[in-house]
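S.K.: turn this into a structure:
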Amino acid sequence: MLRQFTLPFLLLLSCSSNDAKSSAWKKIKRVKAGKQYNEHEAVHIVVNKVGPFNNPTETYRYYSLPFCQTHSTTEEEDEVALTENMDISHLNRKEKRDGGVRHKQHMGESLVGDRREASPYEISFQDSVDWRLLCKTTLDSKALAKVSKAIYNNYFFEMFVEDLPMWGYIGDTVEEDFITEAQGSTGKSFLFPHLHFYLGYNRNKIVSAKVTTDMDRRVDISDMSEPIDVQFSYSVEWFEDELDWKNRMSRYVDSRFLPNSFEIHWLSIINSFVLVLLLTAFLTIILLRVLKNDFSRYMELDDEAMDEEESGWKLIHGDVFRFPQHTTLFCAAVGTGNQLLCVTFAHLLLALCGVISTNRRGSIMAGVVVFFFVTSFVG
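M.R.: Numbers count the residues shown, from 1 in each chain. Sure, this is the predicted structure:
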């Protein structure tokens, strides 16, 4: 009798555990760029990553810092709105989303280190908002130390609306003594808990996005001995933009928020090129003079003197045509080099022809990986 009840119970337990695992690893389908929105339709803000401004390649998950992962309730929002003297009776509070849920990504986005996740911001199309409470949280000493370290290292965050990136700073330091290299030794650290979103639309499509912080709402977190209550909030401003949707990425060409990793230093390149040419010319002149002297000396010698011991460059003339010892390794190295050359030239050719989009995030890295596998027969 016990065995009859044990088997169904184990099956039910395994199914529930599988459902829990699938829900934990479930990823949200991304919003396709160029979506046509209806009025008051929900617009998703996707958070990506944080990292130091001076090293954009060093990035971490956005929620590695103690940001809000759930939106405040209606009661909490109304209570804080009374203290802030804000009228939020007209707000659209239909859709609720939890933050920290992974988004589906392309291969190129994963290669460049993107970690796109959902956020709890409640934004609707063409609905401007003066102020909304995101959440109220208490930062303990450990969380304060983590945020203060990020502010000291000049961390920035990255968000997305569809495929439009937005950047901003987590906080700022005032009167910081950078010479002593002691964090928080003489200055103060301020956290920016309020974000203001500028979203532009053309007809029913989003064509521009920008986020700024409010200096008037900054919170002093210099004293980490006691927990600090922080109110994270946001505001939204919609405006009609004349920019066409197909040209939405043109404004990012001149963007200077992040250091341009692909900036070409022509002076350094020309200097290195000239230096290589000079060294090559000097080496060629030296070799020609040495070879000329050796040839003239050997031409003046008779047959009996030729039997003497060889010296100079003639000592290595036999090594030029000698069969290499590790032929397999030599062939693999030559084949890999030819493969990399084919990948480089093919990728550059397709990029110049417009087949590979350089504006699409991660497309270059994905193309390199695909071409490396396609040209594997070359190696």
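S.K.: please make it C-alpha for all contacts and neighbour counts, starting now.
M.R.: Will do.
S.K.: nearest spatial neighbour of Lys29, chain-adjacent residues omitted?
M.R.: Lys104 (5.7 Å; Cα to Cα, 6 or more residues apart in numbering).
S.K.: please, which helix or strand holds Glu77?
M.R.: For Glu77, the enclosing helix or strand under DSSP states H and E is helix 74-84.
S.K.: buried stuff in stretch 328-345?
M.R.: Gly335, Thr336, Gln339, Leu340, Cys342, Val343 (16 or more other Cα atoms under 10 Å).
S.K.: is it fair to say the third one lies in a helix?
M.R.: Translated: Gln339. Yes: judged by DSSP: H, G, I helix; E, B strand; the rest coil, Gln339 forms part of a helix.
S.K.: list the contacts of it.
M.R.: Phe372, Thr375, Ser376, Val378, Gly379 (Cα atoms under 8 Å, 6 or more residues apart in numbering).
S.K.: do that again at 10 Å, thanks
M.R.: Ala333, Phe371, Phe372, Phe373, Val374, Thr375, Ser376, Phe377, Val378, Gly379 (Cα atoms under 10 Å, 6 or more residues apart in numbering).
S.K.: now do the first one against Val378, distance only.
M.R.: What that stands for is Ala333. 12 Å (Cα to Cα, to the nearest Å).
S.K.: distance check, the residue nearest to Lys29 against Lys32.
M.R.: From Lys104 over to Lys32 (counting by Cα to Cα), the distance is 11 Å.
S.K.: then Thr70?
M.R.: Taking Cα to Cα, one finds Thr70 at 24 Å from Lys32.
S.K.: those two: who's more crowded?
M.R.: Set Thr70 next to Lys32 and count neighbours by other Cα atoms under 10 Å: Thr70 wins out with 16 against 9.
S.K.: okay, and that one sits in which element?
M.R.: Counting by DSSP H and E, Thr70 is part of no helix or strand.
S.K.: I figured it hits Tyr63, correct?
M.R.: No: in terms of Cα atoms under 10 Å, Thr70 does not count as a neighbour of Tyr63; the distance is 11.7 Å.
S.K.: overlap in contacts, these two.
M.R.: Gly99, Gly100, Ser119.
S.K.: highest neighbour count among the residues you listed?
M.R.: Ser119 (24 neighbours).
S.K.: OK, contacts around that one?
M.R.: 44-48, 63, 67-71, 97-102, 159.
S.K.: again, only this time at 8 Å
M.R.: Counting by Cα under 8 Å, 6+ apart, Ser119 has contacts His44, Ile45, Val46, Val47, Gln69, Thr70, Arg97, Asp98, Gly99, Gly100, Val101.
S.K.: using a markdown table, lay out those residues together with secondary structure, distance to Lys136 and pLDDT.
M.R.: Listed next are those as a markdown table, based on DSSP: H, G, I helix; E, B strand; the rest coil; distance: Cα to Cα, whole Å; pLDDT from 0 to 100:
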| residue | secondary structure | distance to Lys136 | pLDDT |
| --- | --- | --- | --- |
| His44 | coil | 21 | 90 |
| Ile45 | coil | 19 | 91 |
| Val46 | strand | 21 | 91 |
| Val47 | strand | 19 | 92 |
| Gln69 | coil | 11 | 90 |
| Thr70 | coil | 10 | 90 |
| Arg97 | coil | 17 | 77 |
| Asp98 | coil | 15 | 80 |
| Gly99 | coil | 15 | 82 |
| Gly100 | coil | 17 | 80 |
| Val101 | coil | 20 | 85 |
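S.K.: quick one, helices of the stretch 1-150 of the chain?
M.R.: 2-24, 74-84, 107-111, 141-152 (DSSP state H, counting those that start in this stretch).
S.K.: next one: the nearest residue to Pro227 once chain neighbours are set aside from Lys146, what distance?
M.R.: Once flanking residues are discounted, Pro227 sits nearest to Asp140: 4.4 Å by Cα to Cα, 6+ apart. For Asp140, the distance to Lys146 equals 10 Å [Cα to Cα].
S.K.: before we move on, what about Val334?
M.R.: Using Cα to Cα, one obtains 49 Å as the distance from Val334 to Lys146.
S.K.: Gly168 too?
M.R.: 18 Å.
S.K.: can you check Asp241 too?
M.R.: Distance from Asp241 to Lys146, by Cα to Cα: 39 Å.
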